[in-house]
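S.K.: Build me a structure from this.
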Amino acid sequence: MGAAGLIEIKRRMKSVESTRKITKAMGLVATSKLRKARKELIANEQYNNLCKEVISEVVSSMPEDFDSIYYKSFDGDKLYIVLTSDTGLCAGYNNTVAIYLNNLVQKSGGAKVVVVGSKGISYLSRYKISTYAEYVDLPDMPATKDINRIYNDAIYLYEKGDVSEVNIVYTEFISPVKQEVKSVKILPIEKKASREGQYIIEPNEEAVFKNAIDMYLKSQLKTCMLSAKASEHSARMTAMDGATENANDILQSLNIKFNRIRQGIITQEISEIVGGAEAQKYWKSSSSNWTCSRYKVRWSFFTKHIQWN
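M.R.: Below is the predicted model:
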């Protein structure tokens with residue numbers, strides 16, 4: 001491999017270098033977005049914990065004879081709200097969610113699936129899972145209108161009796177190096193022992209209960225979406241860091257190969273120069289010896305000619 005090989009290696013090094021710049025930039029962007037998502041997640045978790053305390057107090061304060069569809073458990077299809085990403089380059093993030101959901105659907109027997117994120121649609125199609133509704137191109141920080149849209153569709157199906165459960169399948173953010181796919185059932189809620197008389201409920205039990213349920217479920221949905229978004233950015237950050245390290249390894253290997261070939265070419269050129277010099281030196285020596293021999297023959301012939309005469 002000569003000069004042509006050096007040109008090819010140089011071209012590959014330039015291509016890998018460009019890829020490394022892209023992956024490094026994407027890793028930095030993912031790190032920045034992860035920091036914002038974690039900050040928002042921590043704040044929302046505090047609010048969600050307060051909502052859990054409120055709904056727990058409200059449920060336990062309802063009269064014994066109070067009944068609601070949000071308590072009832074009946075046979076029917078289960079609704080799964082699946083949280084995936086809108087963009088790729090986040091390693092196995094979406095595929096892990098799809099595998100987890102596929103196992104749930106096979107066990108449940110009947111299910112309706114609502115997908116959040118365009119990548120989830122393509123991954124679920126590989127497992128032949130049909131979707132009831134799809135929500136794509138949502139912002140990194142989920143807006144209230146987007147949460148309300150998803151929530152209203154889920155509540156509509158539940159109140160109409162089309163589904164018996166509402167579950168959220170998402171990737172829980174534990175740490176930047178650890179995320180876990182899980183399913184959280186948000187409906188129906190568990191009915192607790194009544195502590196009627198502890199609070200004065202106004203204007204009526206039904207209105208207070210419905211408002212508390214809406215507040216809690218929307219908060220739970222937003223917490224899951226923020227956790228999934230933080231997990232997505234963490235997975236992308238890890239994937240881009242790994243890609244950058246691989247690019248560095250490839251560049252190092254190509255650089256070693258480039259230097260080895262270049263050194264071989266230089267060594268060959270030096271050998272050719274030295275060989276040429278030796279050949280020229282030998283040629284001059286041979287030419288001088290041949291000239292001396294010719295003069296000797298002529299002198300010998302001349303002396304003999306004089307003696308004969």
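
S.K.: When you work out contacts or count neighbours from here on, use the C-alpha atoms and nothing else.
M.R.: Will do.

S.K.: Would you mind stating the distance between the closest residue in space to Arg236 that isn't next to it in sequence and Ser234?
M.R.: In this structure, Arg236 finds its nearest non-sequential neighbour in Cys90, 3.9 Å apart by C-alpha to C-alpha, 6 or more residues apart in numbering. Taken as C-alpha to C-alpha, to the nearest Å, the spacing of Cys90 relative to Ser234 amounts to 8 Å.

S.K.: Which one of the two is surrounded by more residues?
M.R.: More neighbours surround Ser234 than the other of Cys90 and Ser234, with 27 against 19 (other C-alpha atoms under 10 Å).

S.K.: my read: that one touches Val177, true?
M.R.: Yes. Using C-alpha atoms under 8 Å, Ser234 and Val177 qualify as a contacting pair, with a distance of 7.4 Å.

S.K.: which residues sit against the strand or helix carrying Val184?
M.R.: When elements are assigned from DSSP states H and E, Val184 belongs to strand 178-187. Under the criterion C-alpha atoms under 8 Å, 6 or more residues apart in numbering, residues 70-71, 96-97, 100, 165-174, 217, 220, 231 lie in contact with strand 178-187.

S.K.: Give the buried subset of those residues as a ChimeraX selection command.
M.R.: Here the buried members of the contacts of strand 178-187 are turned into a ChimeraX selection, burial being counted by 16 or more other C-alpha atoms under 10 Å:
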select :70,96,97,165,166,167,168,169,170,171,172,173,217,220,231
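
S.K.: Can you flag which of the contacts of strand 178-187 belong to strands?
M.R.: Using DSSP state E to define strands, the subset of the contacts of strand 178-187 located there is Glu165, Val166, Asn167, Ile168, Val169, Tyr170, Thr171, Glu172, Phe173, Ile174.

S.K.: Closest one of those residues to Asn152?
M.R.: Distance to Asn152 across the ones in strands among the contacts of strand 178-187 (C-alpha to C-alpha) is lowest for Val166, with 12.0 Å.

S.K.: ok, the closest one - contacts?
M.R.: Here Val166 is in contact with Lys78, Leu79, Tyr80, Ile81, Ala154, Tyr158, Lys185, Ile186, Leu187, Pro188 (C-alpha under 8 Å, 6+ apart).

S.K.: any idea of the mean pLDDT in stretch 204-212?
M.R.: Taken as a whole, stretch 204-212 has an average pLDDT of 83.

S.K.: And that stretch, what's buried?
M.R.: Glu205, Val208, Phe209, Ala212.

S.K.: which element is the third one on?
M.R.: Just to be clear, that refers to Phe209. When elements are defined using DSSP H and E, Phe209 is found to belong to helix 205-308.
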